[in-house]
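# I would like the atomic coordinates for the input below:
(2 chains)
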Amino acid sequence: MSKKSLDTQLVQLGNLSDPITGAVSTPIYLSTAYKHEGLGQSTGYDYTRTKNPTRAILEEGIAKLEGGDAGFACSSGMAAIQLILSLFRTGDEIIAPEDLYGGTYRLFNQYADSYNIRTKYAKFDSVEEVAALITENTKAIFIETPTNPLMQEIDIEKYASLSKEHNLLLIVDNTFLTPYLQRPIELGADIVMHSGTKYIGGHNDVLAGLVVTKGETLSAQLLINHNAAGAVLSPFDSWLLIRGLKTLHLRMKQHDANAKEIAKFLENESAVKDVLYPGKGGMLSFRLQKSEWVGPFLQNLNLIIFAESLGGVESFITYPATQTHAEIPEAERSARGVDNSLLRFSVGVEEAEDLIEDLKQVFESLKNEENGQ
Amino acid sequence: MSFPNERLETSLILASTRGDYEQKTGAVNVPIYLSSTFHQESFDSFGPYDYSRSGNPTRDALEKTIAELEGGTRGFAFATGIASITSAFMLLSAGDHIVITEDVYGGTFRFVTEILPRFAIEHTFVDLSNLEEVKNAIKPNTKLIYIETPSNPRLGITDIASIVEIAKTNDCLTFLDNTFMTPLHQRPLELGVDMVLHSATKFLSGHSDIVAGLAVTKDEELGKRLGFIQNSFGAVLGAQDSYTLIQNIKTMGIRFEKSTEAAQKIVDYLVEHPLVEEVFYPGLPTHPGHEIHAKQSTSAGAVLSFRLPNRATTKAFVESMKIPVFAVSLGGVESILSYPTTMSHGSMPKEEREKRGITDGLLRFSVGLEHVDDLLADFEQALKIAQEV
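Numbering: from 1, shown residues only, chains lettered A, B, ... in the order given. Here you go, the predicted model:
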């Protein structure tokens, strides 16, 4: 058989992992300990933090899907970033885009304060701008693409070359597009991470993080750190992610198709100032003409859920100013473009017409209220 | 392999891990196989598992565990206690007759009186402690004597060996609901009973977090027939609940022992209380069938019932109790106070209920794992309030 397509790999993940029973769906090993047949003998499993049979299926699976060498499943997306940060030491510097998930920004600040591992922020408009920030202490470039929530696309290949040139690690948060739509390691990245809570899990029912590394040294180092720090994903949650991955391709196709339709609709809506959509994936952001409309807009949604998080089958609208990016001081936040009229839309896999109707009725009620005043 | 002369308390811990599913990884706990289907290596000889309803490795570990604990040859796990009972009844055919204890769980009563007659399976309720009555109730088409001992809710005692003898003479099967005693304290198969049934929701699981039923047979032919029913009716226990049950069985011994200790103290207290008219507990020397129970069981159990004068005092008492949950079910870590009239026996008509002594003042108490002194203090204050009604 030829090299399996990504779709097939997704569907088949974990199948027939258990030759003794032939189980099609991989079993959940809650066992914390594994019997040794004798002194110096191991089945490959000793203690569940170090390696767990269910988690291993997920880790090998995501590594393969991302085209990396090793995968690590963590207890949350933030735990995944923390695992990556364990590669650095006092005095090291990281470069990251100004438009960044608030939780990542908070963790970077904490690393600066506590360990003097500092992050320099750039707009990532040009390679030269980023190159100018590189010092002898710089160890990595950490990017999200598209960025959260401004949906700015960063050219992975360009920054991969820059990283190689300066011997830096290129780390890509691939949460928004997933390996289905973007494979950063193939474009030269060294490490890919996910908030698995989002599209990989896909059902808003599991909290998880994933890290994939390319290269033996890096993989070996993270294997040690993953076990040593211990923020590993539980077997049950690992199984839920495996299950989520089996429909990732179907979901991503639908998220992508729905988001395209919603973006088109919003672009023609007079109450909307601008729409930020990179042209692929299920995430988009938009600004209302007036920030005072945000409250009534969110209140009047019938179908779309006003909630934090993204990537689930259900449509969510998030208000970054008070939710995902509340960690960033207002002046700084607004200067970066995350102003008080910005809304982020995680477009679900409902029928797009229904989502558009929900938006239509909200915009109508906004306008009616405005006219009534 | 079991340890030579292994005690049941040890088997509780080890029985689920004797299978071969763990050999690949050495896992000390059985994995949860949610897989609904199983790949077959060979075209014409299938492996032990093909479809999860017919056999699931996690459920299998549980079924082998309960079979081992009850001293049977085959175990079966069902979706609920009543699913195990009704599946067992499905071994009967149209035209058959059942002799069944009148002091029976309300859900079993409902099935026997409302569902089985539709299949032309008839029944006679008898007082199983009256052996003459049992003999007289047997007809040429009687195929089964159904026993609960201690029974629910008045903890009536049936002499298992004597009933088995009557059954064997008349070529009948015997089924016994062993929920109240667990395999640790009453071993019906050793006394000749054909099938043991459990609402595993109760003491076996013990945490009020799953519903499950178990059945165990000794005779291979009977086991084969029940296996056929289990697969064709399909009321099987899911893999996750099977796993929860496997884990919870491991602490059943210590849970049961602790609750029983407390039950004895509560009984001693209630017997002396002026408001309490009657206390039902197999450990009381005055309890009908006390000696028979002591002969066939090694524990008086953790469930007791008692009678207050009337509905008004009962209501005041229940509303004043602070620690136990007021709920159906029993056998949990939390003490459960039940009102059989509207709960376990709510499905029984009023006149049938009263015939069985289930009056408006009857309460059932399943002793949990709270400190017994706290439970006693709770009884004290609630009975005081009830006394003033």
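# so the residue of the stretch 151-300 of chain A found nearest chain B: helix, strand or coil?
Taking CB to the nearest CB, chain B has its nearest neighbour within the stretch 151-300 of chain A at residue A:239, 7.3 Å off. For every residue, glycine as well, the C-beta is placed using N, CA and C. With DSSP: H, G, I helix; E, B strand; the rest coil as the basis, the three-state label of residue A:239 is helix.
# neighbours of it, how many?
Close neighbours of residue A:239, defined as other CB atoms under 10 Å in any protein chain shown, add up to 25.
# now it: closest residue in space, sequence neighbours ignored.
residue A:28 (4.8 Å; CB to CB, 6 or more residues apart in numbering or on different chains).
# what of residue B:271?
Here the residue nearest residue B:271, using CB to CB, 6+ apart, is residue B:279, at 5.2 Å.
# now the strands for the stretch 201-350 of chain A?
A:209-213, A:272-276, A:283-288, A:305-306, A:316-318, A:342-346 (DSSP state E, counting those that start in this stretch).
# next: chain B.
B:74-78, B:97-101, B:122-126, B:142-148, B:173-177, B:195-199, B:213-217, B:278-280, B:303-307, B:325-326, B:336-338, B:362-366 (DSSP state E).
# can I get those in TSV with distance to residue A:210, mean neighbour count and mean pLDDT?
Output for those, formatted as TSV (distance: least, CB to CB, whole Å; neighbours: other CB atoms under 10 Å in any protein chain shown; pLDDT from 0 to 100):
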stretch	distance to residue A:210	mean neighbour count	mean pLDDT
strand B:74-78	35	27	98
strand B:97-101	57	24	97
strand B:122-126	59	19	97
strand B:142-148	53	23	98
strand B:173-177	49	25	98
strand B:195-199	42	29	97
strand B:213-217	40	28	98
strand B:278-280	58	20	97
strand B:303-307	49	24	97
strand B:325-326	41	14	92
strand B:336-338	43	23	94
strand B:362-366	46	24	96
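# and these: which comes nearest residue A:78?
Of all the strands of chain B, it is strand B:325-326 that lies closest to residue A:78, at 38.1 Å by CB to CB.
# given that closest one, what are its sheet partners and their directions?
Its sheet considered, strand B:325-326 pairs with strand B:336-338 (parallel) by DSSP bridges.
# show residues contacting the strand it pairs with.
Outside strand B:336-338, the residues that touch it by CB atoms under 8 Å, 6 or more residues apart in numbering or on different chains are B:153, B:208, B:318, B:321, B:324-330, B:344, B:363-366, B:368.
# related to what we said a few turns ago, save the strands of chain B as a markdown table, and put in distance to residue B:374 too.
Listed next are the strands of chain B as a markdown table, based on distance: least, CB to CB, whole Å:
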| stretch | distance to residue B:374 |
| --- | --- |
| strand B:74-78 | 35 |
| strand B:97-101 | 35 |
| strand B:122-126 | 39 |
| strand B:142-148 | 31 |
| strand B:173-177 | 31 |
| strand B:195-199 | 27 |
| strand B:213-217 | 32 |
| strand B:278-280 | 20 |
| strand B:303-307 | 17 |
| strand B:325-326 | 14 |
| strand B:336-338 | 14 |
| strand B:362-366 | 14 |
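# what residues does whichever residue of the stretch 51-200 of chain A sits closest to chain B make contact with?
Closest contact between the stretch 51-200 of chain A and chain B, by CB to the nearest CB, is at residue A:53 (5.1 Å). By CB under 8 Å, 6+ apart, the contact set of residue A:53 is A:17, A:27, A:29, A:45, A:235, B:24, B:25, B:27, B:31.
# please report how far the first one lies from residue B:35.
Between residue A:17 and residue B:35 the distance is 10 Å, computed by CB to CB, to the nearest Å.
# what do these two both touch?
The contact lists of residue A:17 and residue B:35 share A:23, A:26, where a contact means CB under 8 Å, 6+ apart.
# so these two - more neighbours on which side?
Neighbours were counted for residue A:17 and for residue B:35 using other CB under 10 Å; residue B:35 has more, 26 against 20.
# now the closest residue to residue B:128 other than its chain neighbours: how far from chain A?
In this structure, residue B:128 finds its nearest non-sequential neighbour in residue B:158, 4.1 Å apart by CB to CB, 6+ apart. Taking CB to the nearest CB, to the nearest Å as the measure, residue B:158 falls 40 Å from chain A.
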